[in-house]
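Below: sequence and its predicted model.
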Amino acid sequence: MKAIDQLVDPNKVYKLEEAVALLKKCPATKFDQTVNIALKMGIDVKKSDQQVRGTVSLPFGTGQTVTLVVIAKGEKAKEALEAGADFVGAEELLEKIKGGWTDFSALISTPDMMRELGKLGKVLGPRGLMPTPKAGTVTTEVAKAVKEAKAGKIEFKVDKTGNVNSAVGKISFQQDQIIENLMTLLQAVSRSKPASSKGIFLRSMYLSTSMGPGLKIDVQTLAFG
């Protein structure tokens with residue numbers, strides 16, 4: 001912490017390249033830290049027409065191991081396995097999830113299984129694991145969805161406080177890889193701006209690592225609209 005305090009000015013607003021370089025200079029930990037972004041959005045979260053949500057494929061992935069579950073039967077189950085899904089099944093997996101099993105990163109389902117899967121909302125919902133058509137996780141194209149998820153496709157959405165939080169890579173990534181991932185996410189968030197949202201859409205942005213400092217970024221210098 002002392003070393004970080006010597007590197008970081010808590011009152012400074014950093015340019016993106018400067019912030020990424022600074023985070024990479026911070027003392028190393030015993031694990032490969034995740035680089036996270038926190039965006040404060042200029043929306044009214046109480047209004048249903050001002051929700052920010054979408055998906056985006058990060059060019060260099062998140063660097064995280066994706067454990068993927070697919071709920072499907074027959075030919076679609078076979079397609080999911082061949083595409084690289086970690087767990088594939090129907091009733092037996094539903095029972096396992098009903099019992100509290102959520103040791104996976106993402107869940108994909110074919111539409112015909114959603115009636116039963118929907119009953120597990122209390123288990124999956126709070127963990128952000130419930131698949132939705134909008135996120136592309138309820139689909140008949142399971143092989144495509146599995147490959148995209150494994151390659152770094154992520155979902156982003158605004159929380160109750162008006163923030164969008166997301167991982168954009170690992171600190172071991174090259175600086176330009178982190179920046180490209182981050183800019184790709186910002187462009188996707190910008191495209192999801194609600195038509196009813198007025199004024200400044202992106203109020204502020206902070207970049208941080210798992211154990212490192214949070215650096216405020218000068219959003220005025222970023223071109224992502």
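Yep, that arrived.

all contacts plus neighbour counts: C-alpha atoms, from now on.
Noted.

On the C-terminal side of the longest helix seen in the chain, identify the next helix or strand.
When the chain is parsed with DSSP state H, its longest helix is helix 175-191. Per DSSP states H and E, the first helix or strand lying C-terminal to helix 175-191 is strand 202-209.

Tell me the first helix or strand C-terminal of that next one.
Sequence order places strand 214-217 as the next helix or strand after strand 202-209, per DSSP H and E.

What pairs with that next one, parallel or antiparallel?
Applying DSSP bridges, strand 214-217 is found paired with strand 13-14 (parallel), strand 202-209 (antiparallel).

For Asp44, give its distance to Glu75.
From Asp44 over to Glu75 the distance is 44 Å, taken as CA to CA, to the nearest Å.

Those two: who's more crowded?
Taking neighbours as other CA atoms under 10 Å, Asp44 and Glu75 compare with Asp44 leading, 16 against 8.

Tell me how many other residues crowd the closest residue to that one other than its chain neighbours.
Distance criterion CA to CA, 6 or more residues apart in numbering; nearest residue to Asp44, sequence neighbours excluded, is Gln50 at 6.2 Å. Using other CA under 10 Å, Gln50 has 19 neighbouring residues.

Same question for Pro10.
Residues near Pro10, counting by other CA under 10 Å, number 11.

go on, Ser105?
Neighbour count of Ser105, defined by other CA under 10 Å: 15.

My guess is it contacts Gln64. True?
No: with contact defined as CA atoms under 8 Å, Ser105 does not count as touching Gln64 (9.4 Å).

and Met114, which of the three is it?
Classification of Met114 by DSSP: H, G, I helix; E, B strand; the rest coil places it in helix.

Contact partners for the nearest residue to it once chain neighbours are set aside?
Excluding the flanking residues, the one nearest Met114 by CA to CA, 6+ apart is Val138, at 7.9 Å. Counting by CA atoms under 8 Å, 6 or more residues apart in numbering, Val138 makes contact with 108-111, 114, 131-132.

Please enumerate the strands of this protein.
Counting by DSSP state E, the chain has strands at residues 13-14, 34-41, 53-57, 68-71, 87-89, 106-109, 153-157, 163-170, 202-209, 214-217.

Adding distance to Val189 and mean pLDDT, write those strands out as CSV.
CSV is the format used below for the strands of the chain (distance: least, CA to CA, whole Å; pLDDT from 0 to 100):
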stretch, distance to Val189, mean pLDDT
strand 13-14, 21, 94
strand 34-41, 10, 96
strand 53-57, 7, 91
strand 68-71, 24, 96
strand 87-89, 30, 97
strand 106-109, 20, 95
strand 153-157, 8, 90
strand 163-170, 9, 95
strand 202-209, 9, 94
strand 214-217, 16, 93
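
among the strands paired with strand 214-217, which is the most enclosed?
Highest mean neighbour count among the strands paired with strand 214-217 (mean count of other CA atoms under 10 Å): strand 202-209, with a mean of 20.
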